[in-house]
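A.B. asks: Predicted model and sequence follow; I will ask about them next.
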Amino acid sequence: MAIKTIRYKFKNGGDMEYKSLDEFFKDHNKLALAFSGGVDSAYLLYAGLEAGADIKAYYVKSDFQADFELADAKRLADELKANMEIIEIDVLAEENVRSNPAKRCYYCKNKIFSTIIERAKADGYSVLVDGTNASDSYDDRPGMKALEELKVLSPLRLAGLSKDQIRKKSKEAGLFTWDKDSYSCLATRIPSGEEISKAKLTKVEEAEDFLFSLGFKDFRARLIDGTFKIQVREKDLEKILDHRLEILEKLKTLSPVVVLDLEVR
């Protein structure tokens, strides 16, 4: 399948288009990467290094990231012998983030990427890229506005690479992240308008760690007004009922009410 050319326009003027990642890296051979350790940013880091670019990965650790995400990021950076720096940020210190308004993702992205940009510039990197791909919808991701305002570039999107293509290329490259589930930040488990706290995020992470230990994939443990609502794939409904007593025993130590969402993921 041929890679289509994507034209990306900034509201403040200017546009860019690339037929491939190699073409992008020819124009940008010294750059910083907002690195999450997920499928997309992992492949972008690999591709940049393969293209001979001077690319430094910045991983932001906050209460919104599960511990396994950092472990995966470290593992991949080690395997690729990539230059990676960990930046710790207290996102809950930001009222616009902690209060969890509809635009919470925008405020959070703005804080995170502004921090990376400042650190990267101090290290001599003036271009920041992220792992947004051609399958990501602009309308569905309020954080996109922050990326646009801060002039963060998204090479995978610019080169027209979809999620499926990135997984395929990652598998061919031998990256362990090729089949990693998409995993949004822990803050998405708290409904908009309900204040986010470290205690709530810790409960969510502990609940999801337990479900991971039982072998579940692509699920969510949402905490809504103190109630855990578990969402799983349709094919896992029978399995979760098989583990019902174990799940109740564990999760009821974190919340008095645990329910299963029948509108499956």
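C.D. replies: Everything's here; your move.

A.B. asks: Just the CA atoms from the longest strand anywhere in the chain would do, formatted as CSV, please.
C.D. replies: Ranked by residue count under DSSP state E, the longest strand found in the chain is strand 54-61. This file holds the C-alpha atoms of strand 54-61, laid out as CSV (Å, rounded to 0.1, in the frame of the first residue of the first chain):
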residue,chain,number,x,y,z
ASP,A,54,20.1,13.2,16.4
ILE,A,55,17.0,12.4,18.4
LYS,A,56,16.5,12.6,22.1
ALA,A,57,13.5,11.1,23.9
TYR,A,58,11.8,12.9,26.8
TYR,A,59,9.5,10.9,29.0
VAL,A,60,7.3,12.9,31.3
LYS,A,61,6.4,11.0,34.5
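
A.B. asks: Name the next helix or strand following the longest helix along the chain along the chain.
C.D. replies: Across the chain, the helix with the greatest residue count (assigned by DSSP state H) is helix 104-122. For helix 104-122, the following helix or strand on the C-terminal side (DSSP states H and E) is strand 128-129.

A.B. asks: Mind giving me the packing neighbours of that next one?
C.D. replies: Contacts defined by 3 or more CB pairs under 8 Å, 6 or more residues apart in numbering; DSSP states H and E place strand 128-129 against strand 30-34, helix 104-122. Glycine gets a C-beta too; all of them are placed from N, C-alpha and C.

A.B. asks: can you tell me the average pLDDT over that strand?
C.D. replies: For strand 128-129, the mean pLDDT works out to 97.

A.B. asks: What segments of the stretch 151-265 of the chain are strands?
C.D. replies: Taking DSSP state E, counting those that start in this stretch as the criterion, the stretch 151-265 of the chain contains strands spanning 220-224, 227-231, 257-260.

A.B. asks: Can you give me every residue that contacts residue 56?
C.D. replies: 31, 32, 33, 83, 84, 85, 120, 123, 125 (CB atoms under 8 Å, 6 or more residues apart in numbering).

A.B. asks: Spell out, range by range, the strands that occur in the stretch 1-150 of the chain.
C.D. replies: Counting by DSSP E, counting those that start in this stretch, residue ranges of the strands within the stretch 1-150 of the chain are 6-9, 15-18, 30-34, 54-61, 83-88, 128-129.

A.B. asks: Ok, which of these comes nearest residue 181?
C.D. replies: strand 54-61 (18.6 Å; CB to CB).

A.B. asks: List the strands paired with the closest one, with their directions.
C.D. replies: Taking DSSP bridges as the criterion, strand 54-61 forms sheet pairs with strand 30-34 (parallel), strand 83-88 (parallel).

A.B. asks: In the protein, where is pLDDT below threshold?
C.D. replies: Applying pLDDT under 70 to the chain flags residues 1-16, 137-142, 264-265.

A.B. asks: Could I get the contacting residues of residue 186?
C.D. replies: 63, 64, 65, 66, 201, 204, 205.

A.B. asks: And residue 135, by the same measure?
C.D. replies: Counting by CB under 8 Å, 6+ apart, residue 135 makes contact with 162, 163, 164.

A.B. asks: how deep is residue 147 tucked in, by neighbour count?
C.D. replies: Neighbour count of residue 147, defined by other CB atoms under 10 Å: 22.

A.B. asks: Surely it touches residue 130?
C.D. replies: Yes: contact status for residue 147 versus residue 130: in contact at 6.4 Å, counting by CB atoms under 8 Å.

A.B. asks: what's the overlap in contacts for the two?
C.D. replies: Contacts common to residue 147 and residue 130, judged by CB under 8 Å, 6+ apart, are 113, 154.
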